[in-house]
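A.B. asks: Sharing a sequence plus its predicted fold:
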Amino acid sequence: MTKGAQIAVGACAIGLLLSWYAYTNSADATFRYYQTLEELQSVQSGIGGEALRVHGYVANASIERDVAGKQVRFRVQNDPPHAGGPTGSTLAVVYLSLETPDLFKDGAEVVVEGRLERRGAEMLLIADNVMAKCPSKFEAEATTL
Amino acid sequence: MPELGIYSLRFALVVAVFGIGVGVYAGRSGQHQWTRVAERSMFTVLAFVSVAMFALFYSLATNNFGLAYVSQHSARTMPLPYRLAALWGGQAGSLLLWLWLLCVYGAAAVWTNRKSSPVLMPWVIATLLLNALFFLVLTNFITDPFERLPPTHVFSDGNGLNPLLQHPMMTIHPVMLYTGFVGFAVPFAFGLAAMITGQLDTAWFRITRRWTLFAWSILGVGLLLGGRWAYEVLGWGGYWAWDPVENAALMPWLAATAYLHSVMVQEKRDMLKTWNLILIGLTYTLCLFGTFLTRSGVVQSVHSFTNSGWFGFVFLAYVAAIAALFFGTLIYRRKELVSPNRLESMVSREAGFLYNNWAFMALLMVVFWGTMLPVFSETFTGWFGDAPQRTTVGPKFFNTMAGPIALFLLFLTGVGPLIAWRRATAASLRKQFLRPATVGLVSGVILTAIFWGSVSIWTLACWTLSAFVVTTVTQEYWSAIHARVTLRGESVFRAFAELMRKNQRRYGGYIVHLGIVLLLVGVSGAAFNQEVLENVKPGESIHLHDYRFHYLTADAIPAQHYGGAQARVALYRGDTPLALMKPEKRMYWLEQQPTSIPAIYSTLQEDLYLVLSAVEADGSATFKIYRNPLVSWIWLGGLVYIIGSILIMWPHTKREPRPA
């Protein structure tokens, strides 16, 4: 076999091995589908308890810290509350921990990971992870008045 | 003063263009006086960029909020070191830092080679200046650090650095990372010069060996510092999250590690020449790509979320162009890079290095794939599917995939240094590996007996292989020192020093390996991590393992540019008081941002990591406590890594072989 062929075979073998290993080990918890709230709401019928990520903003005055129940309940909306537009529809979230990130507050930009459940007429996101976005180091923000 | 900075950058741009032209001309014509001119262009660019750096530092130090950059990233309330560190707190300033470091490296490379490598140097200078030119174009026209705010927008104070960045690490970690990244430009330039001039022997990487080692070790330190910083400040009890920005810095390190090992084969056996050029090309391209990834917002990360649109596009085009230049030249020279020697056996040191290269490439592929999957999946489903769908992977993917590959590399770390060149006979294998294999096997059996069922097979494999590697290193040192002590009557210390002097790369390298072993063992401790989240009133205690956390009080932090609460928690083990832990929840007034500062009690055995989650409305406090076994071993391993790197790089007066 020529050297080129050897390398090709070797690379393919390693690639296949890795892919097989990845496939058999990537339980549904490993792959997350990242969606905005808008996308999520338009595709709701397809969501059946699979792991997903949703991006949104914490609705004003929606945070409830349930110290006894060790959970935090809040709602996310599509647009930032401080943008001044209408709230639009919101998604209820239950985060099963009291340990919210430092930047978590009204209007914070968040990414919530968890599973959707139907509670009565509403969808509820049972979250196992809430990330609040760090203000970017390399922001292109202009200092507008 | 800012005007001085602006004009300096403009002049630097012009001189850089000139220098590239002169360098290329000198390279093609072979006229050395033009090489001199190119050298001086390099120094001139450095001078101008240094003035620009000084101008920006000055503006930050003197609170010149008329500059947009100063206004966005600095504030009066910040202590001076942070005001200065704000230089690399944002896009434009960090690009200027990159540029400056590139000029420093370039000037140093030129100076140390001013009397040697006349054929390579013109092209080296041209390559380095070409890279500098890109950053000069960026800082002159696209992200200007000296941009002025319109007079109506100037305030008397700035926005300040993100509170998470107001930590001593901010003064070190970014600089270390950049010093590491940019350092690879030098071997890259030499590799490209070697290919352009056809001087494809070992000279190009022997000259740049110390540069590469330096850049590689600094990058490694930068990565460790980043992990340590995250551990100390972010309050999630971890040190590595496989975040895209972290991965962006790790990937060049992986390629560089492969490169450092692979060049040994070219030196000894004139093989893997194509591999070595690919690896250094890949390393530098990944440095640039990593820089691009961090800034473009193309992949969402906890570090950066802004999508700056076309800026990212420009940067990516540059990365692609540099890669095309390097790898295009490589393809052009491929026939001349064929080795006269063949691989004689799959069980040999050459083969070991080849497996090493493959393993690092596999690891690189895993990290790259996982990092870029959101982009690939969105593009792919956009082209071929109904609608673009972004898929992302979490840390579990990376841990699952990287773990076994890392363990294979650990195995090679033990096998590689001992196995014979060309072909390892059964006799040589037995002689070299009997002891380490036995120790490994016995440790494996004992550890399995103790821990089977409570840890995964990967953790057991990690510990077993670690025992194996430590034995190989000990054996190597012991047999060499023992020989010197008995044959030459030297003391142990003298023998050790002589070993270092005669073969510093080998014996220093072993120490670096030991550092990596310690680090991997430290990481494996995560298998035993425990955590608890509890809400307690003053006087109550939280129990975790055999520790007791007795909550005393929470007090307001004395007012400064931040406020907040500090809890006082007494730590006991059984009845023995161990420490008074004081986690904080700070609120930075200017930025209106809270941060958690954990209290960490570290021993060799484990870390107790206490976070004040919240002081609740009813006066109780919610604490999150992590028990992280063996984490100290990671930082210890890092220290050993640094010591080993220093030993490898330590200058010795050696008789250098005459250049060919």
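C.D. replies: Cool, the structure landed.
A.B. asks: residue nearest the centroid of the chain?
C.D. replies: Since you didn't name a chain, this refers to chain A. The residue lying closest to the centre of chain A (Cα atoms, centre = their mean) is A:R53, at 2.4 Å.
A.B. asks: oops, I was thinking of chain B
C.D. replies: B:L219 (3.3 Å).
A.B. asks: Can you show me the helices along chain A?
C.D. replies: A:3-25, A:37-42 (DSSP state H).
A.B. asks: among those, which is the most enclosed?
C.D. replies: Among these, ranked by average contacts under mean count of other Cβ atoms under 10 Å in any protein chain shown, first place goes to helix A:37-42 (a mean of 17). For glycine as for every other residue, the C-beta is placed from the backbone atoms N, C-alpha and C.
A.B. asks: in the stretch 51-200 of chain B, what residue is nearest chain A?
C.D. replies: Going by Cβ to the nearest Cβ, chain A is nearest to B:Q91 of the stretch 51-200 of chain B, at 4.1 Å.
A.B. asks: Go ahead and confirm that residue touches B:R295.
C.D. replies: Yes - at 6.1 Å, B:Q91 counts as touching B:R295 under the criterion of Cβ atoms under 8 Å.
A.B. asks: Neighbour count for the two, which is higher?
C.D. replies: When B:Q91 and B:R295 are compared for neighbours, B:Q91 comes out ahead with 27 against 24, by other Cβ atoms under 10 Å in any protein chain shown.
A.B. asks: Tell me the spacing between the more buried one and B:H482.
C.D. replies: 57 Å (Cβ to Cβ, to the nearest Å).
A.B. asks: same deal with B:A427?
C.D. replies: Taking Cβ to Cβ, one finds B:A427 at 21 Å from B:H482.
A.B. asks: So these two - more neighbours on which side?
C.D. replies: Comparing B:A427 with B:H482 by other Cβ under 10 Å, the one with more neighbours is B:H482, at 12 against 9.
A.B. asks: what about the helix or strand hosting the more buried one, near chain A?
C.D. replies: According to DSSP states H and E, B:H482 maps onto helix B:457-488. No - using Cβ under 8 Å from any Cβ of the partner chain, helix B:457-488 stays clear of chain A, with a minimum separation of 11.5 Å.
A.B. asks: tell me the SS of the residue of the stretch 551-660 of chain B found nearest chain A?
C.D. replies: Of all residues in the stretch 551-660 of chain B, B:P594 sits closest to chain A, at 4.6 Å by Cβ to the nearest Cβ. Put simply, B:P594 is strand when judged by DSSP: H, G, I helix; E, B strand; the rest coil.
A.B. asks: Repeat that for B:A320.
C.D. replies: Criterion first, three-state DSSP; result for B:A320: helix.
A.B. asks: Can you give me the distance of it to chain A?
C.D. replies: 21 Å (Cβ to the nearest Cβ, to the nearest Å).
A.B. asks: Can you tell me the element the residue lying closest to B:A248 once chain neighbours are set aside falls in?
C.D. replies: The shortest distance from B:A248 to any non-neighbouring residue, by Cβ to Cβ, 6 or more residues apart in numbering or on different chains, is to B:G290 (3.4 Å). Secondary structure from DSSP H and E places B:G290 in helix B:273-296.
A.B. asks: is the helix or strand harbouring the residue nearest to the centre of chain B up against chain A anywhere?
C.D. replies: Element membership of B:L219 [criterion: DSSP H and E] is helix B:209-233. No - figure legend: helix B:209-233 not in contact with chain A (Cβ under 8 Å from any Cβ); closest approach 10.0 Å.
A.B. asks: Show me what that helix is packed against.
C.D. replies: Secondary-structure packing of helix B:209-233 (3 or more Cβ pairs under 8 Å, 6 or more residues apart in numbering or on different chains; DSSP states H and E): helix B:173-183, helix B:185-197, helix B:244-269, strand B:593-597, helix B:631-649.
A.B. asks: List the buried residues in it.
C.D. replies: B:209, B:211-233 (16 or more other Cβ atoms under 10 Å in any protein chain shown).
A.B. asks: is it true that the residue nearest to the centre of chain B touches B:V182?
C.D. replies: No - the criterion here is Cβ under 8 Å, and B:L219 misses it with B:V182 at 9.9 Å.
A.B. asks: mind checking how far the residue nearest to B:T212 when sequence neighbours are not counted is from B:A559?
C.D. replies: Nearest residue to B:T212, sequence neighbours excluded (Cβ to Cβ, 6+ apart): B:P187, at 4.8 Å. According to Cβ to Cβ, B:P187 stands 51 Å off from B:A559.
A.B. asks: show me what contacts B:A248?
C.D. replies: Neighbour list for B:A248: B:289-291, B:293-294, B:371 [criterion: Cβ atoms under 8 Å, 6 or more residues apart in numbering or on different chains].
A.B. asks: Walk me through the domains of chain A.
C.D. replies: As given by automatic domain parsing, the domain ranges for chain A are A:1-28, A:33-132.
A.B. asks: Mind telling me which of these the model trusts least?
C.D. replies: Mean pLDDT is lowest for domain A:1-28 among the domains of chain A, at a mean of 74.
A.B. asks: Who are the contact partners of B:H32?
C.D. replies: If you count contacts by Cβ under 8 Å, 6+ apart, then B:H32 has B:26, B:118 around it.
A.B. asks: Which pLDDT value belongs to it?
C.D. replies: 88.
A.B. asks: Which strands or helices does the biggest helix by length in chain B pack on?
C.D. replies: Of all segments of type helix in chain B, defined using DSSP H, the longest is helix B:349-384. Using 3+ Cβ pairs under 8 Å, 6+ apart, the elements in contact with helix B:349-384 are helix A:3-25, helix B:244-269, helix B:273-296, strand B:390-393, helix B:395-415.
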